[in-house]
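>>> Task: produce atomic coordinates for the following.
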Amino acid sequence: MGEPRGRLLTFLPYLLLVLAHLPFVLDVEQPSTFSDELAYLGQARYLAGRAPLPNLQGTAFHHFGYSLFLVPAMRIFPEPLDAFRAALVTNAFLVSLLFFPLAYLLRAFAGKDRATAA
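Numbers count the residues shown, from 1 in each chain. Here you go, the predicted model:
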């Protein structure tokens, strides 16, 4: 199989996974795990220059790393509900990335090396 076609066949399931996640996130209007999502969304809004740093004293520590992925959504969408939905779409792209290491592991356990797998 040619190299470009092999890459397309590897990338296509990723896109299908993203599209499979989207119907489940586009109708969500509020966080389900409020303290967690409040922290990450609040930090992303702060990093995007849209709001002050949220006061989360007395709660668990939330690292800012994940919030960095959400900053573009906070910069592009000024309305909170739109920004929240954009964060959910970002999550669909991120969780679908798990396809690549799982496909690699599946190929490794199936006994196929990289040359014959794609």
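>>> which regions of this structure sit below the pLDDT cut-off?
In the predicted model, the chain carries pLDDT under 70 at residues 1-2, 6, 112-118.
>>> Let me know the secondary structure of F84.
Three-state assignment for F84 (DSSP: H, G, I helix; E, B strand; the rest coil): helix.
>>> can you pull the contacts of it?
By Cβ atoms under 8 Å, 6 or more residues apart in numbering, the contact set of F84 is V28, E29, Q30, P31, L41. The C-beta positions use only the backbone N, C-alpha and C, and glycine is treated the same way.
>>> try 10 Å
By Cβ atoms under 10 Å, 6 or more residues apart in numbering, the residues touching F84 are V25, V28, E29, Q30, P31, E37, L41, L70, A73, M74, F77.
>>> now the third one: how far from L94?
Separation of E29 from L94 (Cβ to Cβ, to the nearest Å): 21 Å.
>>> Then the second one?
Between V28 and L94 the computed distance is 16 Å (Cβ to Cβ).
>>> Looking only at residue counts, what's the top helix in this structure?
For the chain, the helix with the greatest residue count under DSSP state H is helix 3-25.
>>> circling back to that earlier point, what about E29 and L94, which has more around it?
L94 (14 against 7; other Cβ atoms under 10 Å).
>>> I'd say the more buried one and Y66 touch.
Yes. With contacts counted by Cβ atoms under 10 Å, L94 reaches Y66, the gap being 8.9 Å.
>>> List the residues that contact the nearest residue to F64 once chain neighbours are set aside.
Among residues not flanking F64 along the chain, Q43 sits closest, at 5.2 Å (Cβ to Cβ, 6 or more residues apart in numbering). Going by Cβ under 10 Å, 6+ apart, Q43 touches 51, 53-54, 56, 62-68, 70-71, 74.
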